[in-house]
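**Q** With the sequence up front, the predicted model follows.
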Amino acid sequence: MNLTDEITIPGQRDIVFSNLINPEILKQCIPGCEELIKTSETDFTAKVVLKIGPVKAKFSGNVTLDIQSAPAHLSLSGAGDGGLAGFAKGGADVELIEQGDDTLLRYSAKAETGGKIAQLGARLIESTAKKLSKTFFTNFEKIMTGDS
Amino acid sequence: MLTVTMKVNGINSRHDVPDNTLLVSFLRETMGLTGTHVGCDTSQCGACNIHLNGESVKACSILAAQAEGAEVTTIEGIANGDTLHPMQQAFHENHGLQCGFCTPGMVMSAIELVEKNKNLSERDIREGLEGNICRCTGYHNIVKSVQAAAEKMGG
Amino acid sequence: MITLAEDGKFLAGGMTLIPTLKQRLANPDRLIDLSGCALTGIEDEGQSIRIGAMSRHVDVAESAIVQKSIPAVADLASHIGDRQVRNRGTIGGSLANNDPSACYPSALLALDGTVHTQRRSIASEDYLTGMFDTDLEEDEIVIAVSLPKPEKAAYMKFPNPASRYAMVGVFVAKFSDGVKVAVTGAGEDGVFRAGNLEAALNADFDSAAIADGVISSDGLMSDIHASAEYRAHLICEMTRRAVKACR
């Protein structure tokens, strides 16, 4: 599954970038995030509860960031294990483009799911992923505008 | 654990089962009534169809606790002694089964279908059995069986 | 009881929840069975009908009141899932779950119905907040649904042959003050009103008024069963058929 989109975030690129890799802020933005711990400069472990319709599955996983071309570019990859529910892995490339006082975030993400979630939820995975990323950026935007 | 009480094939039954016991497990494992089959585990195939208070339902998608106080009829409870139910007899005479795995569910669905609708067209029967899947794909003779039984049952 | 169950779930007919539990895709610590809560019964309230939340699909399909007042809703209920699902599944459960492919949400939206809970009444537009999402609080249950009677209406669906869920379902309702069209099974964020189709039908309530291409594939679901473009095509075709079937 591929997901591409772009969104304009109010705020200068440096600030947007540093917030985007700040575990405290990420935790508030990721839907269902119960725990996000920074284990090194570029590694995180996370516990996320995915709640969609009747399904409620807890995923634990890790995320690795590549910040070599900061703040113009950020890439991340990760994998999560939802136990009996299945697993998910994927990555995303994020481009940050300066637009005056705002920053245009252009991202393309790839994800794969396996196990029961993939088997039973096939018709919903793409919609769910879009919904989750939309929620993430809505939350992020709120934090950037100090609206939360 | 919880105690469930229900009338199964006319006999009052009371058993202690784990809270998450499905009705189909209660029937098969606690009661030993293995005529009700488990075909798919995804609530689609209809092999587990039984009658709950006279209506056909999927026993795999109901908790035993939800059937508390209910009257349950399984495939074992429809014959009259050695005399088969007209629906069973019709399946027998019209070769309405191949491997036989889906048959208990088909028969239970078909009985309710005929009891509720007296004038069934072939299309009505095919639509009425859409919750029952036969992986031998022997639907044609199943429909013929139901038509034959409907006549005998006063349809 | 409700506050005791920190991670509990309400159980209506169980036609979605029990299969989910069987797959271990949810693990609530308690289930609260609503079947004993006297939430059944269908009443004619003049301008609308009121359907108790625990009314099963078979109850709605066979109700003389529904058949007479809004035959489209009786017809919709009579084609949900299969007979065994209709003998258990409920209107309240379906609306609380708001599956993006379920039939009932389209009727609620096109008829501009009202969802009644134990503490308030919610208009359809406010109630349906997106795929699998409603305005319900965690401890709030649907107790009944009011559906206004249209001049005429029809529901047309193109079911997935395996799951019986709507790949596209269109509910067309004509009221004295205009036409409402709600589409289920197709939108990425669940059921939605199709403004383009409504405008075309408000100008001319005729199946010929629906031109191909009036619905864009933007925002429609794509999966192994149908592409977004195919779903856009199906929406137009199901709308034409619904308009022809309106009564």
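**A** That came through fine.

**Q** Just checking: what are the partner strands of the helix or strand where B:Val57 lies?
**A** Using DSSP states H and E, B:Val57 sits within strand B:55-58. Here strand B:55-58 has these sheet partners by DSSP bridges: strand B:49-52 (antiparallel).

**Q** Looking at the strand it pairs with now, give me its mean pLDDT.
**A** Average pLDDT, strand B:49-52: 98.

**Q** can you check stretch A:65-76 too?
**A** 91.

**Q** hang on, the earlier thing: starting at the chain centroid, how far to the strand holding B:Val57?
**A** With C-alpha atoms, centre = their mean, to the nearest Å as the basis, strand B:55-58 stands 7 Å off its chain's centre.

**Q** go on, stretch C:69-84?
**A** 11 Å.

**Q** Then stretch B:147-155?
**A** In terms of C-alpha atoms, centre = their mean, the centre of stretch B:147-155 is set 18 Å apart from its chain centre.

**Q** Contacts for it, please.
**A** Here stretch B:147-155 makes contact (C-beta atoms under 8 Å, 6 or more residues apart in numbering or on different chains) with B:86-87, B:89-91, B:93-94, B:110, B:114-115, B:117-120, B:122, B:125. Quick note: C-beta positions are derived from backbone N, CA and C, even for glycine.

**Q** I'd like to know which of those residues are buried.
**A** B:Pro86, B:Met87, B:Gln89, B:Ala90, B:Phe91, B:Asn94, B:Ala110, B:Val114, B:Glu115, B:Leu120, B:Ile125 (16 or more other C-beta atoms under 10 Å in any protein chain shown).

**Q** from chain C, which residue is nearest to chain B?
**A** C:Asp82 (2.8 Å; C-beta to the nearest C-beta).

**Q** do you know how far that residue is from A:Lys142?
**A** In this structure, C:Asp82 and A:Lys142 are 45 Å apart, going by C-beta to C-beta, to the nearest Å.

**Q** which of these two has more neighbours?
**A** C:Asp82 (22 against 13; other C-beta atoms under 10 Å in any protein chain shown).

**Q** mean confidence for the top helix by length along chain A?
**A** Ranked by residue count under DSSP state H, the longest helix found in chain A is helix A:116-144. When pLDDT is averaged over helix A:116-144, the result is 83.

**Q** List the buried residues in it.
**A** Quick answer for helix A:116-144 (16+ other C-beta under 10 Å): A:116-118, A:120-121, A:123-134, A:136-137, A:139-141, A:143-144.

**Q** so how far is it off the chain centroid?
**A** Per C-alpha atoms, centre = their mean, the centroid offset for helix A:116-144 relative to its chain is 9 Å.

**Q** Mind giving me the packing neighbours of that helix?
**A** strand A:2-10, helix A:13-20, helix A:23-29, strand A:43-52, strand A:55-66, strand A:102-114 (3 or more C-beta pairs under 8 Å, 6 or more residues apart in numbering or on different chains; DSSP states H and E).

**Q** hmm, the first one in reach of chain C?
**A** Right, strand A:2-10. No: if you take C-beta under 8 Å from any C-beta of the partner chain as the test, strand A:2-10 misses chain C, and the best it gets is 11.2 Å.

**Q** Could you list the residues in contact with that strand?
**A** A:16, A:99, A:101-111, A:126, A:129-130, A:133, A:137, A:140-141, A:144-145.

**Q** how close does the residue in chain A that chain C sits nearest to sit to A:Gln68?
**A** Nearest residue of chain A to chain C: A:Gly53, at 3.7 Å (C-beta to the nearest C-beta). Distance, A:Gly53 to A:Gln68, using C-beta to C-beta: 39 Å.

**Q** And chain B, is stretch C:148-165 touching that?
**A** Yes: applying C-beta under 8 Å from any C-beta, one finds stretch C:148-165 touching chain B at C:Ala162, C:Ser163, C:Arg164.

**Q** Go ahead and confirm the last one touches C:Asp82.
**A** If I follow you right, that is C:Arg164. Yes: here C:Arg164 reaches C:Asp82: they are 6.3 Å apart, a contact under C-beta atoms under 8 Å.

**Q** need the helices for chain B, in chain order.
**A** B:23-25, B:86-93, B:103-116, B:122-128, B:139-152.

**Q** for chain C, that is, sorry about that
**A** Using DSSP H, helices in chain C cover C:17-22, C:57-62, C:64-69, C:71-78, C:83-86, C:91-97, C:104-110, C:124-127, C:195-203, C:228-245.

**Q** Can you check the pLDDT for the closest residue to C:Ala208 other than its chain neighbours?
**A** With C-beta to C-beta, 6 or more residues apart in numbering or on different chains as the criterion, C:Ala208 has its nearest non-adjacent residue at 8.0 Å, and that residue is C:Arg240. Per-residue confidence (pLDDT) for C:Arg240: 98.

**Q** do the same with A:Lys56
**A** Value listed for A:Lys56 in the pLDDT field: 87.

**Q** Repeat that for A:Thr4.
**A** The model reports A:Thr4 with a pLDDT of 89.

**Q** try B:Lys118
**A** 78.

**Q** Next one: it from chain A, what distance?
**A** According to C-beta to the nearest C-beta, to the nearest Å, B:Lys118 and chain A sit 38 Å apart.
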